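> Any chance you could fold what I've pasted below:
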Amino acid sequence: MLLTGGNARLHRCRADHVTASHPGTDAEHATLAAHSVPSEYPRTTASRSPGVPTSGVWTTSSRSRSCCAGSRSGSGGCFLRPRDRVPPSSAHKSMMWTPTVPPCSVVTSPWRRLLNVYLFICFVKTKALSNKFSENMYDLAIIFPCYNEAGRIESTINAYCEYLRSKEAHRKAVLVLVNDGSTDDTRSALERLERYSQGNVTVTSVSYSQNKGKGFAIKQGILSADARVYGFTDADNSYPPDLLTGVLSRLQTADIVIGQRERNKQVSGYSRIRSCISNSLQKIVSGLFQLPFRDTQCGYKFFNKTVATTVLPRVTQDRFSFDIDFLMRAHEMGYTVSTIPISFSHQLNSSITWRDGARYLLDIVPLLDTFRMKHYRSLLIFLFITSTAISLALFGWVMWKGYFFSDDFTWLWHAQKIDSTIGRVLTYHMSTFYSPVINAFYVVFFGIWGYATAAPYFAAGLLVHVFVSFFTGMLVFRLTKSPISAVVSSILIALAGGAYEPLVWIGANMHSIATLFIICAVLLYTYYLSSYSRLSIGASFLFFILALGTKETAIVTPALLLLVFLYNKVSAAALYKHITHAAYWLCVAALSCFYMWQQYVWQSQSIWIESGTWQLQLSALLRIPFVVFDLFIPLALLPPNLANSTAVLLWIGIVTLFIAVIYAFRKEKIVLFGLGWILVTISPTLFFSTATWWEPMASRYTYLPRVGAVIILVGMLHSLVMKNKARYVIGGFVWFVILSVSVQTWVMIRSTTTEYAYVYTTGRTLSHAMEQLRDTVPGMVLVRPDRPFPNNNATIVGAASVIAGIPEQNIEFLKNTEDILLPSQTILLYWDHANKTYAILEANTDN
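Predicted structure coming up:
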């Protein structure tokens, strides 16, 4: 290569040019030409063109051609000056880069003659150095990555040496044994094997102390040997040396040759389970990366030097996903790949473990992020299908087991009073609670299904949850550009965790609906920042309005939009450059201020403020560590009578843990974004009074903050995998995520099978009791206080109005549980503690 590169700039001249420039006899001319053009240097030929001598050399400079042709009188030389030395184009590649002879023209000035002599000496030295390198270059270099292979490597090397000496004796080969931080006697064994060097085969070894993976070992082996063809294979002789003949033959027409293991179980030596898992992984990987070959993990691959020098420097994976990374990058760069069938023989005591397989799955995550960016539509479909499947699997049962209870009857009564009037839908509000979106929801559903079945109401909640999961995945993808992060976030949101109440309680679905609108507003704003589409930013503002019209907690939306603004590092100048952007923020700010003022007017006289249920206290800030921790590990596992001193110690431990995590991931914007999301979204409900200072939030209030918790988990996992951290670090974090999800799911199942089984019973029996009252048509209904949800009188009033048609003024709530004498036309509604059902008691006819 040095000869070719250095000689590309040298031009030889025609003998007749020498004759014309230096008068003399024909014999002198012949002698000079013979000394100027040594016989061992090949002459370059080129097609004849007008004005260009056939014995000359093509260049891209017309000046150099005219010089060689003798067009410039008295030039005395034909070497190419620096400004004439241009890189060879593809059209002249075959001629420009062919070794040529040194300058040979006879010069008239002494300094030019000395320069020509100097160039000739440099050329000869370059030629000698190139010949020396060519002599040291191997025809074939085979790399053997070794990790704890002391007991098996010798038989493998012996087999390869014998084959190369007998069948490939004409090839100069080197076997590079790389000790990848083995913990046994592998290093000594490899050093002893160097004695096998003999004839055309050289055996050499490379060692380092820390295990860095198969890919790293292969790279080190290639760096230690200069060869025309490289390859790597397993150290346990799983692939016999007689495959080399077919491989080297295929390399004549292909850049890369890879082995394809046969699926025959008897041939491969795999157990049935391992064979099934191996084949499944092959199909998954081939499908995900859409490669034209099936077996990407076969440890038998050969390639030419060009591939080694251009592809391997781009490979980022050093462990078991090295193969797929190598093949993907080679495929992208247009190199041809040929396959060769292999009768694979699996070794039972192989050093490859099940943990290595798990690590392989983790390692392909960054590769998928690198190579799957083009399949955006497929990603969207997969996100929606995954979200739907998980939501139905976990919560589909509520459509036939769930029923109305508590506030559900109040909302049905509210819809009955609105009576499908558009004006009332937009203006009517229950007490101090204003929500035209929820008004519309109950008006539509009550108008179609009434109270006969709760299944459509639950189905709507499930559908909202599916879209929340789906759009959260899209939001994470927009922030991280990682398809895998998007999929994981959608899965975690679909699992719901501790935020399950909006799915099992119809009256709580306002939280999931508001979350859906908030996420849509934020997502569309991220689209606008990348495309500056007016449609995106207009739709974002529309969803912001819908969020405010659903739940007052949507007031946090501007703060979330600001987080996106900061995350994308949008400069203040961009607001002035794009008038639409500035107008958007002005409208958001104006509407937010108006909404907060209106909420203050409504809520200042509400029962929530007057009773102290919600009050702004700095002491509530102490709950933040517990509230955030509960999003990952449910505090419901703690005993209800936890001592105050224990709670203080727990608080200190949680704060210390948070500080350590934030410091470790302080450079990961997505993690900080998730933390900001949590702190912003818990602020409206943080100040509700609780029985203890360390009590977490109710499940429905964590639905929106949980999006931030998922973003944190996904961001941390993505950071660890992309940085190729040690397997125990990633494995430990994955196990933490699995533990977190499992515990949250267990708490959810325990709650829904006990607490919600009870509350559904209260709703069904209340509905049945009201149907009895409707048939009886009482003049007055007395309600005992010892019943479920005793402080929620609106539940009884709503059920009585919707089901029995009894007006609110005909219902009286008793203050105590003492027995009373019922007047005529009066019915007592009470809770039967023995049977856990609502029941009615009619007045005696004698009374």
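> got the contact list for residue 460?
Residues touching residue 460, when contacts are defined by C-beta atoms under 8 Å, 6 or more residues apart in numbering, comprise 441, 445, 509. Every residue, glycine included, has its C-beta placed from N, CA and C.
> Over to residue 415?
In this structure, residue 415 makes contact with 439, 442-443, 445-447, judged by C-beta under 8 Å, 6+ apart.
> can you do 6 Å?
Neighbouring residues of residue 415 by C-beta atoms under 6 Å, 6 or more residues apart in numbering: 442-443, 446.
> Also residue 515?
With contacts taken as C-beta under 6 Å, 6+ apart, residue 515 has the following neighbours: 468, 703-704.
> In helices, which of those residues fall?
Among those, DSSP state H puts residue 468 in helices.
> Tell me where the stretch 251-400 of the chain has helices.
Residue ranges of the helices in the stretch 251-400 of the chain, as given by DSSP state H, counting those that start in this stretch, are 265-268, 272-289, 305-310, 322-332, 354-371, 376-395, 398-401.
> and the fifth one, what's its mean pLDDT?
Average pLDDT, helix 354-371: 60.
> rewinding a little: save the contacts of residue 415 as JSON lines, and put in pLDDT, neighbour count and secondary structure too.
Converted to JSON lines, the contacts of residue 415 look like this (pLDDT from 0 to 100; neighbours: other C-beta atoms under 10 Å; DSSP: H, G, I helix; E, B strand; the rest coil):
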{"residue": "442", "pLDDT": "95", "neighbour count": "23", "secondary structure": "helix"}
{"residue": "443", "pLDDT": "94", "neighbour count": "21", "secondary structure": "helix"}
{"residue": "446", "pLDDT": "94", "neighbour count": "20", "secondary structure": "helix"}
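> Let me know the closest of those residues to residue 587.
Out of those, the one with the shortest distance to residue 587 is residue 443. That distance is 28.2 Å, counting by C-beta to C-beta.
> Confirm that residue 819 lies within a helix, as I assumed.
No. Judged by DSSP: H, G, I helix; E, B strand; the rest coil, residue 819 forms no part of a helix; its state is coil.
> residues near it, how many?
6 (other C-beta atoms under 10 Å).
> Please report how far it lies from residue 784.
Separation of residue 819 from residue 784 (C-beta to C-beta, to the nearest Å) stands at 10 Å.
> Can I get the contacts of residue 460 in CSV including neighbour count, pLDDT and secondary structure?
Below are the contacts of residue 460 laid out as CSV (neighbours: other C-beta atoms under 10 Å; pLDDT from 0 to 100; DSSP: H, G, I helix; E, B strand; the rest coil):
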residue, neighbour count, pLDDT, secondary structure
441, 22, 96, helix
445, 19, 95, helix
509, 26, 95, helix
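> Any stretches of the stretch 1-150 of the chain with poor pLDDT?
Counting by pLDDT under 70, the stretch 1-150 of the chain shows low-confidence ranges at 1-109, 120, 123-136.
> what's the answer for the stretch 201-350 of the chain, then?
Low-confidence segments of the stretch 201-350 of the chain, defined by pLDDT under 70, are located at 263-290, 344-350.
> If we use 90, what do you get?
For the stretch 201-350 of the chain, the stretches with pLDDT under 90 are 209-214, 234-240, 242-243, 245, 259-300, 313-329, 331-334, 339-350.
> Which residue ranges of it form strands?
201-208, 229-232, 256-261, 301-304, 337-342 (DSSP state E, counting those that start in this stretch).
> In CSV, list the contacts of residue 460 along with distance to residue 503.
As requested, the contacts of residue 460 are arranged in CSV below (distance: C-beta to C-beta, whole Å):
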residue, distance to residue 503
441, 15
445, 16
509, 8
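> and of those, the nearest to residue 401?
Distance ranking of these against residue 401, using C-beta to C-beta, places residue 509 first at 16.6 Å.
> host element of the closest residue to that closest one other than its chain neighbours?
The shortest distance from residue 509 to any non-neighbouring residue, by C-beta to C-beta, 6 or more residues apart in numbering, is to residue 461 (4.2 Å). In this structure, residue 461 is located in helix 455-480 according to DSSP states H and E.
> list the buried ones in that helix?
Within helix 455-480, the residues scored as buried using 16 or more other C-beta atoms under 10 Å are 457-458, 460-462, 464-480.
> Now do it against helix 376-395, angle only.
An angle of 140 degrees separates the directions of helix 455-480 and helix 376-395 when computed by axes from the mean of the first three to the mean of the last three C-alpha atoms, to 10 degrees.
> So the residue nearest to residue 509 is in contact with residue 508, correct?
No. Applying C-beta atoms under 6 Å, one finds residue 461 not in contact with residue 508, separated by 8.4 Å.
> Present the contacts of residue 515 as TSV; the columns should include distance to residue 839 and pLDDT.
Putting those into TSV (distance: C-beta to C-beta, whole Å; pLDDT from 0 to 100) gives the following:
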residue	distance to residue 839	pLDDT
468	40	98
703	35	97
704	40	97
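> Looking at the contacts of residue 515, which is nearest residue 604?
When the contacts of residue 515 are compared for distance to residue 604 (C-beta to C-beta), residue 704 comes out closest, at 24.5 Å.
> picking up where we left off before, from the contacts of residue 515, pick the one nearest residue 617.
Set against residue 617, the nearest of the contacts of residue 515 by C-beta to C-beta is residue 704 (22.0 Å).
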